[in-house]
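Asks: what would the 3D arrangement of this be:
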Amino acid sequence: MSADADFEYELLADLVETPGVPGYEDRIRKRVRTELQEHVDRLRSDAMGNLVGTIEGANPEYEVVVAAHVDEIGFMVRHVDDDGFLELDALGGWDPRILRAQRVTVHTEDGDLPGVIGAVPPHTLTDERAEADAEIEDVRVDLGLDADAVDGRVSVGDLVTMDGRTERVGEFVTGKSLDNRVSVLAVIEAARRIDDPDVTIHLAATTQEEVGLRGASALGVDLDPDLVLAMDTTVANDVPGFEAGEQVTRLGEGAAIKLKDSSAITNHKLHRRIREVAETHGIGYQLEVLPAGGTDTGGLQRAGGARPAGAISIPTRYLHTPTESVHSGDLSAAIELLVATLETEDGTYDYRL
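Replies: Numbers count the residues shown, from 1 in each chain. Model (predicted):
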């Protein structure tokens, strides 16, 4: 890894490879619970599956929520056909073009099964099929088993995730669900590094973000915080084929301070303070204007009433694919910026507009 990297790579890889699709985040929630429990004063979960670790502050009346969603995009089995092939319903936003010739894991009540999403060989591809638009409804999972064996092991409602290892590629880390396990790692690191804060901090691993910010929206009502911060990935179209104005962020240029996305316009007093924190601590940063795509920022900002909301993002190439990629230095910067922002929050800043 880069000399600038300051995080536990093995833990990140474990988080990325632990499955957890929207509404079924049990495994990844258990993994995060194990990491948080020794570093917070209280740890609890709710009926939506949100996991919240609380660090009590000197001022218990002022509360900050930091949210990082734990769910990854995936699928649910909606039908098993007569030949034993699985038809899928998407959980989250997929581009069906990338699904051909991918390996997957089917999570059944009796254990995990490996499978593949096949592709028609070019030798037999008709002009009609070549020109047809890809649709999720057309995807089939092949388990390499006969129909009777599949019928006895797979049920409607079983979950499916992509099968992929986390890898180092140059200065990058690449994997199937860096969105948003890099931010979950940041929250864990914050719990490890923050002692005796001035305000009470709730570190939340939220659920069902990929299907409408649902966990964060419920959490914002239940906790009623004074200040909210979201941690998530963001687009980095810094690759061939995109003009400079389409890039949003660039890998290797630091953490991104969100100004807006489709779900929220962040509080400008708050994002200016985060920028000042970065400059004071010498943390690399860039500004994020995301034209499409929402995050837990929006779910928290309006839940239960108006409250100041901001976000720190990790620039990511190839979002919502099995090869999502982040720069190790950007992830380290995001962790440092989150910790520095929380450590300097004393409840006296006036974020009213």
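Asks: tell me which stretches of the stretch 1-150 of the chain form strands.
Replies: Assignment of strands within the stretch 1-150 of the chain using DSSP state E, counting those that start in this stretch yields the ranges 42-45, 51-55, 59-69, 74-80, 86-91, 102-108, 111-117, 140-142.
Asks: so which elements touch the fifth one?
Replies: When you say that, I think you mean strand 86-91. Under the contact definition 3 or more CB pairs under 8 Å, 6 or more residues apart in numbering; DSSP states H and E, strand 86-91 sits against strand 74-80, strand 140-142, strand 159-162. Bear in mind the C-beta positions are built from the backbone N, C-alpha and C, glycine included.
Asks: try it again at 6 Å.
Replies: strand 74-80 (3 or more CB pairs under 6 Å, 6 or more residues apart in numbering; DSSP states H and E).
Asks: spell out which strands sit alongside the strand it packs on in the sheet and which way each one runs.
Replies: When sheet partners are counted by DSSP bridges, strand 74-80 sits next to strand 86-91 (antiparallel), strand 159-162 (antiparallel).
Asks: how far does the last one sit from its chain's centre?
Replies: Okay, so that is strand 159-162. The chain centroid and the centroid of strand 159-162 are separated by 16 Å, computed with CA atoms, centre = their mean, to the nearest Å.
Asks: still on that earlier bit, how about the strands paired with strand 74-80 in a markdown table, adding mean neighbour count and distance to Thr321?
Replies: Shown next, in a markdown table, are the strands paired with strand 74-80 (neighbours: other CB atoms under 10 Å; distance: least, CB to CB, whole Å):
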| stretch | mean neighbour count | distance to Thr321 |
| --- | --- | --- |
| strand 86-91 | 20 | 14 |
| strand 159-162 | 23 | 9 |
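Asks: out of those, nearest to Gly305?
Replies: strand 86-91 (29.8 Å; CB to CB).
Asks: where exactly do the helices run in the chain?
Replies: 9-17, 26-36, 127-131, 147-153, 178-193, 214-223, 268-281, 296-301, 328-343 (DSSP state H).
Asks: the fourth one: which residues count as buried?
Replies: With burial defined by 16 or more other CB atoms under 10 Å, the residues of helix 147-153 counted as buried are Val150, Arg153.
Asks: got it, and the first one?
Replies: Of the residues in helix 9-17, those scored as buried under the neighbour-count criterion (16+ other CB under 10 Å) are Leu11, Leu12, Ala13, Asp14, Leu15, Val16, Glu17.
Asks: and for it, what's in contact with it?
Replies: With contact meaning CB atoms under 6 Å, 6 or more residues apart in numbering, helix 9-17 is reached by Thr166, Gly175, Ser177, Arg181, Val184, Leu185.
Asks: off-centre distance for that helix?
Replies: Worked out by CA atoms, centre = their mean, helix 9-17 lies 13 Å from the chain centre.
Asks: got the CA coordinates for it in PDB?
Replies: Extracted in PDB, the C-alpha atoms of helix 9-17 (Å, rounded to 0.1, in the frame of the first residue of the first chain):
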ATOM      1  CA  TYR A   9      -6.200  -3.300   5.100                       C
ATOM      2  CA  GLU A  10      -7.100  -6.800   6.400                       C
ATOM      3  CA  LEU A  11     -10.100  -5.500   8.200                       C
ATOM      4  CA  LEU A  12     -11.200  -3.600   5.100                       C
ATOM      5  CA  ALA A  13     -11.000  -6.700   3.000                       C
ATOM      6  CA  ASP A  14     -13.000  -8.700   5.500                       C
ATOM      7  CA  LEU A  15     -15.700  -6.000   5.600                       C
ATOM      8  CA  VAL A  16     -15.900  -5.900   1.800                       C
ATOM      9  CA  GLU A  17     -16.200  -9.600   1.500                       C
END
